[in-house]
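Engineer: Got a sequence here, can you model it:
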Amino acid sequence: MKKLVLLALISVRTFSLNAQVNIIPKPVAVTVGSNNAVFTISTETKIVIQNDSLQNAAVYFNRYLEQYLQYKLTVTKNKPLKNYITLSVDSKINPNTDAYILNTSQNGITIVGKSAKAVFYGIQSLIQLLPSEKASTLPIAEVAITDYPRFDYRGMHLDVSRHFFDVTFIKQYIDYLALHKMNYFHWHLTDDHGWRIEIKKYPKLTEIGAWRNGSIIGLWPGKGNENIKYQVLPNDVKITPADATIKTDGVRHGGFYTQDEVKEVIKYAADRYITVIPEIEMPAHSMAALAAYPEFGTNPKSGYKVAETWGMMNKYNNVFQPTEKTFGFLEDVLTEVMALFPSQYIHIGGDEASKIWWRQSAETQQIMKEKEIKDEVALQSYFINRIEKFVNSKGKTIIGWDEILDGGLAPNAIVMSWRGEKGGIAAAKVKQKVVMSPEEKLYLNHKQFMSDDSLAANKYLPLETVYNYEPVPAELNAEQAKYIWGAQGNLWSEYIANPAKVQYMIFPRMDALSEIQWSQKGQKNYADFLMRLKAQFKRYDLMGITYSKRYLTANP
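Structural biologist: Residues are numbered from 1 along each chain as shown. The predicted structure is shown next:
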């Protein structure tokens, strides 16, 4: 009997030590109890909320318990003497607006946040203290945690244009962000390959623009297209042979979100303290929109269609003609979008706009002459500035990829730096906000292993590279560094056609990303992260999340 008791104590102590170091992203400060005290959640445990503002946190925790551990606890405002999980707000606990303190003892658990949102972040840490397998009781070791984020912007992106994902999965994806204490979901809703949001004034955007008649097979240029040569010249795009026909799978693909579905997603995210930022691409990546409304392109008679291939071939004529009727169309679209999304921020793309089509268009050249716009780079700047003024007039702020710097940065724009860090550095130096998202560090659609076991973009981004990325460039001084708002991971879906593949590509690199965004710079330690990741994999097994089993080996 004594041996059994001793083994139980050893087991509890081991659990106590492991439970703390396994939280991802790593908290600011963690103290493990020294007296082997354990609080056990049972069906009699009460979730005690200070006021109704904490209902979201209580409901979220209860939903996790019920879905994965077959528990459901009572939520009350009356605190018992013991066997409780109390949630409360105290605005004086810490200067950081998202700070929380989590304490466990034999009697219960307390989470105190500076705000209801901060309490919700404490819930995410509590979830990671739970066992990762079903049991009749849930022991939680004695621990004290003080925590708050490093960056205010902690984002993750999902491209639903190349491949469409339904509302059920979008909600699941948002829950992944919540678990990692992220607070912005960048929803890439329009591109060459499909228009995914209902716009009531322009129904053909979804009737026509939401559907394509095929997709290339395998990596770009796709099976059967290997001999097609494609050159982007200063004033033309040259395809050899000239009559080349791109081979695809011939499978119709598409879908879109109704405005009611969009509202549903926004509400779901808001309950998790996540802001949804919509992206409506312009002036390029617009083939789906032009397939529906060719009159807004530079060559309305060219036979626009929704793109069926990826990569360079998307430089088929896909830019909007900068006419008054085009700006009227875009303003109408943005008006409906801004009415749907409470977000202060609207992403307008601005990337990869090939200037060829503007050079070839007599109408565009005439517009430039009338407005004294010196060249097509300046025209792009004019385009972005004009859209920014409209968005600002509605009380909103634009975000754009770093190409919006070309020709002169719009005065209030936020730059999302993807072509390395150069654009972000330039913006920070002129005191404009920056989200760092460099392709070579944070594009999670790139393959995880040199010899991958799944089709992925033909670039290599291992877990360690993601983890070791530092969003604040060394060349910025302390004042300039304040304009690095945060960091974001991006997931482009050319080679990602189902939820399991999404999971495979983002996990565990999303864990590494979350530690970049949340944890303090001086706390980062890759070996320690890998140790904590072992427990995270068990949680992913419990949640039914797909990830590469190669991470479970000593040398993946």
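
Engineer: what bridges to the closest residue to Val119 other than its chain neighbours?
Structural biologist: Spatial nearest neighbour of Val119, excluding adjacent residues (C-beta to C-beta, 6 or more residues apart in numbering): Gly113 at 3.6 Å. Glycine gets a C-beta too; all of them are placed from N, C-alpha and C. Bridge pairing for Gly113 (DSSP bridges) gives the partners Val89, Tyr100.

Engineer: Tell me who's in contact with Gly113.
Structural biologist: Going by C-beta atoms under 8 Å, 6 or more residues apart in numbering, Gly113 touches 87-90, 93, 98-101, 119-122.

Engineer: can you put the residues you listed in TSV and add pLDDT?
Structural biologist: Conversion of these to TSV gives the following (pLDDT from 0 to 100):
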residue	pLDDT
Leu87	98
Ser88	98
Val89	98
Asp90	97
Ile93	94
Asp98	97
Ala99	98
Tyr100	98
Ile101	98
Val119	98
Phe120	98
Tyr121	98
Gly122	98
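
Engineer: Identify, from those, the entry nearest to Val262.
Structural biologist: Within the contacts of Gly113, the smallest distance to Val262 is 22.6 Å, found for Phe120 (C-beta to C-beta).

Engineer: In a helix, the closest one, correct?
Structural biologist: Yes. The assignment for Phe120 is a helix, going by DSSP: H, G, I helix; E, B strand; the rest coil.

Engineer: Using the three-state scheme, assign the residue nearest the centre of the chain.
Structural biologist: Centroid-nearest residue in the chain, with C-alpha atoms, centre = their mean: Met156, separated by 1.4 Å. Under three-state DSSP, Met156 falls in the strand class.

Engineer: wait, isn't it in contact with Met510?
Structural biologist: Yes. With contact defined as C-beta atoms under 8 Å, Met156 and Met510 form a contacting pair (6.8 Å).

Engineer: which neighbours do these two share?
Structural biologist: 176, 489.

Engineer: Turn the contacts of Gly113 into a markdown table, columns for neighbour count and distance to Asn525.
Structural biologist: Shown next, in a markdown table, are the contacts of Gly113 (neighbours: other C-beta atoms under 10 Å; distance: C-beta to C-beta, whole Å):
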| residue | neighbour count | distance to Asn525 |
| --- | --- | --- |
| Leu87 | 29 | 31 |
| Ser88 | 17 | 32 |
| Val89 | 20 | 32 |
| Asp90 | 16 | 31 |
| Ile93 | 17 | 27 |
| Asp98 | 21 | 23 |
| Ala99 | 21 | 22 |
| Tyr100 | 29 | 23 |
| Ile101 | 20 | 23 |
| Val119 | 26 | 28 |
| Phe120 | 26 | 27 |
| Tyr121 | 26 | 21 |
| Gly122 | 25 | 23 |
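
Engineer: Quick check: bridge partners of Tyr84?
Structural biologist: Lys46, Gly108.

Engineer: Now do it against Lys77, distance only.
Structural biologist: 12 Å (C-beta to C-beta, to the nearest Å).

Engineer: So for those two, which residues contact both of them?
Structural biologist: The contact lists of Tyr84 and Lys77 share Val48, where a contact means C-beta under 8 Å, 6+ apart.

Engineer: list the contacts for the residue nearest to the centre of the chain?
Structural biologist: Neighbours of Met156 in contact, by C-beta under 8 Å, 6+ apart: 176-177, 182, 184-186, 488-489, 491, 506, 510, 513.

Engineer: likewise Ile24?
Structural biologist: 128, 180, 511, 514-515, 529, 532-533, 536.

Engineer: One more: Met282?
Structural biologist: 320, 330, 348-350, 383, 387.

Engineer: do you know how far the nearest residue to Gln70 once chain neighbours are set aside is from Gln67?
Structural biologist: Spatial nearest neighbour of Gln70, chain neighbours left out: Lys134 (6.1 Å); criterion: C-beta to C-beta, 6+ apart. For Lys134, the distance to Gln67 (C-beta to C-beta) stands at 11 Å.

Engineer: okay, the two: which has more neighbours?
Structural biologist: Remark: of Lys134 and Gln67, Gln67 carries more neighbours, 14 against 11, as counted by other C-beta atoms under 10 Å.

Engineer: Tell me which residues are up against the host helix or strand of the more buried one.
Structural biologist: For Gln67, the host element (DSSP states H and E) is helix 55-69. With contact meaning C-beta under 8 Å, 6+ apart, helix 55-69 is reached by 41, 47, 49, 71-73, 75, 85, 87, 111, 116, 119-120, 122-123, 126-127, 130-131, 134-135, 138, 178, 271-273, 542-543.

Engineer: what about it, average pLDDT?
Structural biologist: Across helix 55-69, pLDDT averages out at 96.

Engineer: chain center to whichever helix or strand comes after that helix: distance?
Structural biologist: Using DSSP H and E, the next helix or strand after helix 55-69 towards the C-terminus is strand 74-76. When distances are taken as C-alpha atoms, centre = their mean, to the nearest Å, strand 74-76 is centred 33 Å away from the chain's centroid.

Engineer: rewinding a little: correct me if wrong, but the residue nearest to Gln70 is in a strand.
Structural biologist: No. Counting by three-state DSSP, Lys134 is not part of a strand but coil.

Engineer: how close does it sit to Gln536?
Structural biologist: 18 Å.

Engineer: again, but for Ile239
Structural biologist: For Ile239 relative to Gln536 (C-beta to C-beta), the value is 47 Å.
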